[in-house]
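Asker: this one's sequence-less:
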């Protein structure tokens, strides 16, 4: 009444005038990024990948392209498919992480960066060579074994596949996946 | 010719630099002038020196004004950012001080678009009119002791006459753009600016009565006590009215960006838009300067040089305008009109009556060559200040009650929302 | 009666205050609105049809993009529908995590609504920046929970994808302690302000009958004095365990809608505090396979989103993808009484009303 509310508002803005700005100067300053951050430049361990294409299958947008041929050797899984093409089109990727969640061999991790700007759409496709050469700084998203190591992609060095850890697949289930009917029966039992 | 030479230091210095000779030695020796024995021009060319002196004063004033307007855009953005918890422009130059320059270059290099349906002549003329009205006001503003272009004896009248042209510029821009949002802006500009002109002008009547002159220099010299204390009511009306005059929040109807995009300058691009912006920021400076002159003793102050005092006062009011702008939402058009006609106009009339009565009762009548005038001593002014503060409080509260401007009906916050417990 | 020649103005789809690509074809008489017609569909992405082409898990990513300022709650509504379809039991900790995420998201969404309403009122960006300062903290919490800030995809059928990291809980506690101060500050800043009250009070009312007839829900319905909150009237998840109130308005005007949001933030904080105390260790995700096939049938899952009742109606034919997915979006239905609210008011009121209804075009057009 009589402008007292306005005066109260003016005191609030004046109080904020003397506070520190909460924005940051981006290229020089960075806000802390949680290790779980789902970022670009996927981390892919070719030693572990068997070419099963689970990631490609579960991608809601179908942006992962995998071409394999029988033969070839795998360091860790011992399967007999060699990977010819492994392309991720991050131009259309929405970083939902379903591919990482689907990977049965913990070969694909979310990346930790977010600065993969390119001048042409073609360059946004991450190829197999680029994935192999890239710094392996995975995000700990959906990889509790990395999280329990307190791994932080922002401050620590790259991890190779032997140190990335393996979780019994999938970690949240005690057993291997069942068919839908089995899981439904189980649901009824718990009821 | 001689009055300018006597009153204006810059003019005198330039003139004497070019044309000092034994013939006008009297004019070139007064206090403040650089001692020059012989001017550069031969005798008989005093008229040329006179023109050159005039032009250099204009050049100086206009350029200083434009530089300050540009600087003010930077200050405005930085201070506003601080209020909002941001940092503001800090990339170009040290602390971002060159940001206005970068903005200027950007605006210069942008394409200058004229809409197909626009009235080209009026469309192109509008920014010029807008800018010129701001620059012309500078002619009478005293920036410091003896620093002004001309000391008009109708200075304050001249200021209001010139700033009134702003309305025309906005209306021209609004109508010529062939855009309905711009037309809304133009219409709002006419309605709002003309309505607020009246209380603003009337609020100054009290000051003119007390000072006994319309000259801005005379008003500053008449302030034995700053008029902000003597006439708080006039100050309130003036600061509210003039923030509406320059389309500042909470009266920024004319270019309400959330409602009518940018109002009258929606269709402007490139440097024409820049000119509108510069004129607007310049208007804030001019208004702050006017308030400082009329209510806060202008350039006068102890210890520091007069120009520094003037700038300090100017930026103090500019800061207050930014502060208000950062805090308040905007009023609706009908509320803005009601505020001018139902609230500010009666207040300014009350101010006129009260001040007139006080001047009549307290002042001592002096008759001299220039006519009859009322002389007020410092103690008279302090008595008036005491009375006027009470009058101001009573008038504001009383009038707010009568007109419903106190928002009494709408401030019942406590019982608006009742909370229902569970199901 | 028309005082001057009416003019028709297209407000939007490119307009700073229509909250996205919304178009209103308005006929003005001077500043007065004499007629108006909303035009939708500029942001139509066919989410319902796209859902039929995706597996049940993949649809979660689509729901993030409906109302992009309350993704968590969209996730929740969808997975609730899925769980009803196949009668999955969610582990308790999973439910708690979902509730925490949803209530945090409600605060964030109300902050955005308040900030943009004030922006529409013309308060420059100051209240908006203050609101976003707090919202940023909530988004940081989301980043800890699920690695993303806006398009979260946090929930899965049968729980949430993963437990919260250890450093989430201290951050969450700090947030709970700090937030009441900031809500107080908003109230001090905004609620007493005469200009705001003059603008918001008494204008653009919608009556209880109108609101019910137009299936309006959420704060807009509650502002009319009708106490309808799905968290109370149809408690989903674990909302029956919490003690909280439903703020209700009286007149159904702009101010009530604005003030209810401020109050709801406080109630959400109460729920969050109780969650923080009650949550116990345990599994967060039920035993649901990744490629999950619910039995044939249909189910309707609904939640109280910040905008109103958000519902997903799913029809399953036993396959891996929904046969039909119908989204009941509150933003669209809340707009259905907009003509009654706006005709007879001024141009500036139109902008404010759009802000106070709090529409989100991603949800209106789907």
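Answerer: Received it, and whenever you're ready, just let me know what you need. What you see is a predicted model, and the numbers here were worked out from it, not measured in a lab.
Asker: Break chain B down into its domains, please.
Answerer: B:1-109, B:111-421 (automatic domain parsing).
Asker: could I get those domains as JSON lines with mean neighbour count?
Answerer: Placement of C-beta: from N, CA and C, glycine included. Formatted as JSON lines, the domains of chain B follow (neighbours: other Cβ atoms under 10 Å in any protein chain shown):
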{"stretch": "domain B:1-109", "mean neighbour count": "16"}
{"stretch": "domain B:111-421", "mean neighbour count": "20"}
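Asker: And the helices in the stretch 101-250 of chain B?
Answerer: Taking DSSP state H, counting those that start in this stretch as the criterion, the stretch 101-250 of chain B carries its helices at B:120-137, B:155-163, B:165-176, B:180-211, B:216-222, B:227-230, B:232-245.
Asker: picking up where we left off before, out of the domains of chain B, which gets the lowest mean score?
Answerer: Per-stretch mean pLDDT for those is lowest at domain B:1-109 (a mean of 76).
Asker: Which residue does the stretch 151-300 of chain C have closest to chain A?
Answerer: Going by Cβ to the nearest Cβ, chain A is nearest to residue C:192 of the stretch 151-300 of chain C, at 3.1 Å.
Asker: Excluding chain neighbours, what is closest to that residue?
Answerer: Nearest non-adjacent residue to residue C:192, counting by Cβ to Cβ, 6 or more residues apart in numbering or on different chains: residue A:5, 3.1 Å away.
Asker: Pull the number of nearby residues for the one you found.
Answerer: 22 (other Cβ atoms under 10 Å in any protein chain shown).
Asker: how far off helix B:120-137 does the longest helix anywhere in chain B point, in degrees?
Answerer: Longest helix in chain B by number of residues (criterion: DSSP state H): helix B:46-83. In terms of direction (axes from the mean of the first three to the mean of the last three Cα atoms, to 10 degrees), helix B:46-83 departs from helix B:120-137 by 100 degrees.
Asker: quick one: buried residues of stretch C:274-291?
Answerer: Of all the residues in stretch C:274-291, those buried under the rule 16 or more other Cβ atoms under 10 Å in any protein chain shown are C:274-275, C:279, C:283-291.
Asker: oh sorry, the question was meant for stretch C:314-321
Answerer: Applying a neighbour-count criterion of 16+ other Cβ under 10 Å, one finds C:314, C:316, C:321 buried in stretch C:314-321.
Asker: For chain B, state which of those residues is nearest.
Answerer: The closest of the buried residues of stretch C:314-321, once distances to chain B are taken by Cβ to the nearest Cβ, is residue C:314, at 27.3 Å.
Asker: Check the gap between that closest one and residue C:78 for me.
Answerer: To residue C:78, residue C:314 is 8 Å away according to Cβ to Cβ, to the nearest Å.
Asker: same question, residue C:152
Answerer: Residue C:152 is 12 Å from residue C:78, by Cβ to Cβ.
Asker: Compare those two (neighbour count), which wins?
Answerer: residue C:78 (29 against 26).
Asker: What backbone torsions are found at that one?
Answerer: Here is the backbone geometry of residue C:78 (degrees, to the nearest 10): phi -70, psi -50.
Asker: List the contacts of it.
Answerer: Taking Cβ atoms under 8 Å, 6 or more residues apart in numbering or on different chains, we find residue C:78 in contact with C:59-60, C:63, C:155, C:301, C:312.
Asker: at 10 Å what do you get?
Answerer: Residues counted as contacts of residue C:78 (Cβ atoms under 10 Å, 6 or more residues apart in numbering or on different chains) are C:51, C:56, C:59-60, C:62-64, C:66, C:155, C:157, C:301, C:303, C:310-312, C:314, C:322, C:325, C:327.
Asker: Same question for residue B:55.
Answerer: Neighbour list for residue B:55: residue B:14 [criterion: Cβ under 10 Å, 6+ apart].
Asker: what separates the residue nearest to the spatial centre of chain C from residue C:236, distance-wise?
Answerer: In chain C, the centroid-proximal residue (Cα atoms, centre = their mean) is residue C:306; its distance is 3.0 Å. Distance of residue C:306 to residue C:236, computed by Cβ to Cβ: 15 Å.
Asker: cool, residue B:52 as well?
Answerer: Residue B:52 is 84 Å from residue C:236, by Cβ to Cβ.
Asker: is stretch A:37-46 up against chain C anywhere?
Answerer: Yes: using Cβ under 10 Å from any Cβ of the partner chain, stretch A:37-46 reaches chain C at A:37-39.
Asker: so residue C:44 sits right up against residue C:366, yeah?
Answerer: Yes: contact criterion Cβ atoms under 10 Å: residue C:44 and residue C:366 qualify, at 6.6 Å.
Asker: Between those two, tell me which one has more neighbours.
Answerer: With neighbours defined as other Cβ under 10 Å, residue C:44 and residue C:366 compare such that residue C:366 has more, 23 against 12.
Asker: Note down every partner strand of the helix or strand that residue C:309 is a member of and its orientation.
Answerer: Per DSSP states H and E, residue C:309 falls inside strand C:308-316. Strand C:308-316 pairs in its sheet with strand C:297-305 (antiparallel), strand C:324-328 (antiparallel), by DSSP bridges.
Asker: Tell me which of these is the most buried.
Answerer: Neighbour counts averaged per stretch over the strands paired with strand C:308-316 are highest for strand C:297-305, at a mean of 20; criterion: mean count of other Cβ atoms under 10 Å in any protein chain shown.
Asker: What about the residue of the stretch 151-300 of chain C closest to chain A, how many residues nearby?
Answerer: Count around residue C:192 with other Cβ under 10 Å applied: 19.
Asker: I figured it hits residue C:186, correct?
Answerer: No: using Cβ under 10 Å, residue C:192 makes no contact with residue C:186, being 11.2 Å away.
Asker: Next, see if the strand ranked longest in chain A gets close to chain C.
Answerer: Secondary structure of chain A per DSSP state E: the longest strand is strand A:81-89. No: judged by Cβ under 10 Å from any Cβ, strand A:81-89 and chain C are separated, with a smallest distance of 15.8 Å.
Asker: quick one: contacts for the residue lying closest to residue C:111 once chain neighbours are set aside?
Answerer: If the residues on either side of it in the chain are set aside, residue C:111 comes closest to residue C:131, at 4.2 Å by Cβ to Cβ, 6+ apart. Contacts for residue C:131 (Cβ under 10 Å, 6+ apart) come out as C:108, C:110-119, C:125, C:182, C:186.
Asker: Residues of chain A that sit close to chain B?
Answerer: Checking chain A against chain B by Cβ under 10 Å from any Cβ, the hits are A:1-14, A:16-25.
Asker: circling back to that earlier point, tell me the buried residues within the contacts of residue C:78.
Answerer: For the contacts of residue C:78, buried by 16+ other Cβ under 10 Å: C:51, C:56, C:59-60, C:62-64, C:66, C:155, C:157, C:301, C:303, C:310-312, C:314, C:322, C:325, C:327.
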